[in-house]
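Student: give me the fold of what follows.
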Amino acid sequence: MNDDVNSLLRAADHVLIAFDGPLCTAFDPTWCQSAAERLRIMLGEDLPRAVRKTDDPFEVLRYAVSCGESTAQVFERQLYRLELEAALVTQPTEGALDAVRSLFGSGHTVTVIGNQSTEAILGFLGLHGVRTEVRRISARGSSRTTALLPDPFLLTEAVAALGTTSERCVFIGMSVADVEAGRSAGIPVVRYGRALRGVAATIESMADLGVGDLLSWRG
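Tutor: Alright, predicted model coming up:
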């Protein structure tokens, strides 16, 4: 573990981890494109150009929400089914499960953050045996689309529910949306992947959050 990450974790009581990327690899561009198309088919052909062209299923959901509550509920359930289907067949990101167990074992609370449905995230965690190590899930509820990443709401919601402050948290994210949300929420961001301006530290692998490294000083 590099010194920057070590220092951040020493100062933190709570670790928030983005579901998409750091924990699993299901929701890649190919999945997003397919999901957006399957949702779009349900809307018919008379759509705004932006909705017809997008590869983002959340943009299609946002448009469905604008069509009324009943339409929003139908599309939310369909997106939930697509997410659950993907979450139950995907493989965890290499090193992610050990990272969750390591953080839990070192006394940190772990919260999973995601634009995906709570049910899909719960299904993934249960299938891979780390449900008890995760304190909270802060994810998409019903068809609420204005509070999704990069909006900081899911992060600030988690901080409030934990009864803590942003300074006592670290957010492990991957996407630009994750980084923007973390910065807006005032939470130090450790980016899984390449370095990006505005992050507090970077890890190349989730395995960098090694069991031995954490337990040696939190144990």
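
Student: every contact and neighbour count from this point should use C-alpha atoms.
Tutor: OK.

Student: what helix or strand is the residue lying closest to L209 once chain neighbours are set aside located in?
Tutor: Excluding the flanking residues, the one nearest L209 by C-alpha to C-alpha, 6 or more residues apart in numbering is A99, at 5.4 Å. Using DSSP states H and E, A99 maps to helix 96-105.

Student: counting contacts, what elements does that helix pack onto?
Tutor: For helix 96-105, the packing partners by 3 or more C-alpha pairs under 8 Å, 6 or more residues apart in numbering; DSSP states H and E come out as strand 109-117, helix 211-218.

Student: hey, least reliable of these by pLDDT?
Tutor: Comparing mean pLDDT across the helices and strands packed on helix 96-105, the weakest is helix 211-218, with a mean of 50.

Student: let me know the secondary structure of the closest residue to D20 other than its chain neighbours.
Tutor: The spatially closest residue to D20, leaving aside those adjacent along the chain, is F27, at 6.3 Å (C-alpha to C-alpha, 6+ apart). Here F27 is coil, with the state taken from DSSP: H, G, I helix; E, B strand; the rest coil.

Student: same check on the one 5 residues further on?
Tutor: Per three-state DSSP, the secondary structure class of C32 is helix.

Student: surely A36 is in contact with D55?
Tutor: Yes - using C-alpha atoms under 8 Å, A36 is in contact with D55, at 5.6 Å.

Student: neighbour count winner among these two?
Tutor: A36 (22 against 19; other C-alpha atoms under 10 Å).

Student: okay, now the unreliable bits of the chain?
Tutor: Applying pLDDT under 70 to the chain flags residues 1, 142-143, 210-219.

Student: remind me, longest helix of it?
Tutor: helix 69-87 (DSSP state H).

Student: residue boundaries of the helices in this structure?
Tutor: Going by DSSP H, the chain shows helices at 3-11, 29-43, 49-53, 57-66, 69-87, 96-105, 118-127, 153-162, 176-185, 211-218.

Student: what would those look like in CSV with distance to Y192?
Tutor: Formatted as CSV, those follow (distance: least, C-alpha to C-alpha, whole Å):
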stretch, distance to Y192
helix 3-11, 11
helix 29-43, 17
helix 49-53, 29
helix 57-66, 23
helix 69-87, 20
helix 96-105, 11
helix 118-127, 19
helix 153-162, 17
helix 176-185, 10
helix 211-218, 17
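
Student: which one of these lies nearest to V199?
Tutor: Nearest to V199, of all these, is helix 176-185, at 6.9 Å by C-alpha to C-alpha.

Student: give the buried residues for that closest one.
Tutor: For helix 176-185, the neighbour count (16 or more other C-alpha atoms under 10 Å) marks 178-183, 185 as buried.
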